[in-house]
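Peer 1: A predicted structure for the sequence below; I have some questions about it.
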Amino acid sequence: MATSKQFLTYLLEQLSDLEEITHRAMMGEYIIYYRGKIAAYVCDDRFLVKPTEAAKTLMPRAPFEPPYKGAKDMILVEDVDNKEFLTQLFLSMYDELPFPKPTKKKK
């Protein structure tokens, strides 16, 4: 089941206090970038963030789930209605997030 545009729009609004939030479509799902780093996935109308130490500390009881079959587990954010919490979560995670690997150019 693909993520609905309404859910993506809602999440982007919840993250609107942050600068440089972007997203990219990926086979009916979405990757959320914060200041150029992959921070979260939106898959099957679920919001999953990278399992950084900061995220684990802020959500110690949150379940881990893979965004799609065969992927590494991420942390499921169940309280997507709390805009202040989501802003704090992304701010606290940022330093631990790796920059994306550069893509190789085709010859």
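Peer 2: It's in.
Peer 1: rest of the way, CA atoms for contacts and neighbours
Peer 2: Will do.
Peer 1: Quick check: residue 23 is in a strand.
Peer 2: Yes - Residue 23 sits within a strand when classified using DSSP: H, G, I helix; E, B strand; the rest coil.
Peer 1: which ones are touching it?
Peer 2: 30, 31, 32, 33 (CA atoms under 8 Å, 6 or more residues apart in numbering).
Peer 1: Tell me the bridge partners for the last one.
Peer 2: When bridges are called by DSSP bridges, residue 33 pairs up with residue 22, residue 38.
Peer 1: wouldn't it be in contact with residue 50 here?
Peer 2: No - between residue 33 and residue 50 there is no contact under CA atoms under 8 Å: 11.1 Å.
Peer 1: what's the overlap in contacts for these two?
Peer 2: 39, 40.
Peer 1: Compare those two (neighbour count), which wins?
Peer 2: residue 50 (21 against 18; other CA atoms under 10 Å).
Peer 1: Next, the residue lying closest to residue 76 once chain neighbours are set aside: secondary structure please.
Peer 2: Of all residues not flanking residue 76 in the chain, residue 48 sits nearest, at 4.5 Å (CA to CA, 6 or more residues apart in numbering). Following three-state DSSP, the label given to residue 48 is strand.
Peer 1: Contacts only, for residue 48.
Peer 2: 40, 41, 42, 65, 67, 74, 75, 76, 77.
Peer 1: now the strands for the chain?
Peer 2: 21-26, 29-34, 37-43, 46-49, 64-65, 74-76 (DSSP state E).
Peer 1: Format these as a markdown table; extra columns: distance to residue 90 and mean pLDDT.
Peer 2: Output for these, formatted as a markdown table (distance: least, CA to CA, whole Å; pLDDT from 0 to 100):
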| stretch | distance to residue 90 | mean pLDDT |
| --- | --- | --- |
| strand 21-26 | 10 | 94 |
| strand 29-34 | 8 | 96 |
| strand 37-43 | 7 | 96 |
| strand 46-49 | 9 | 97 |
| strand 64-65 | 17 | 96 |
| strand 74-76 | 13 | 98 |
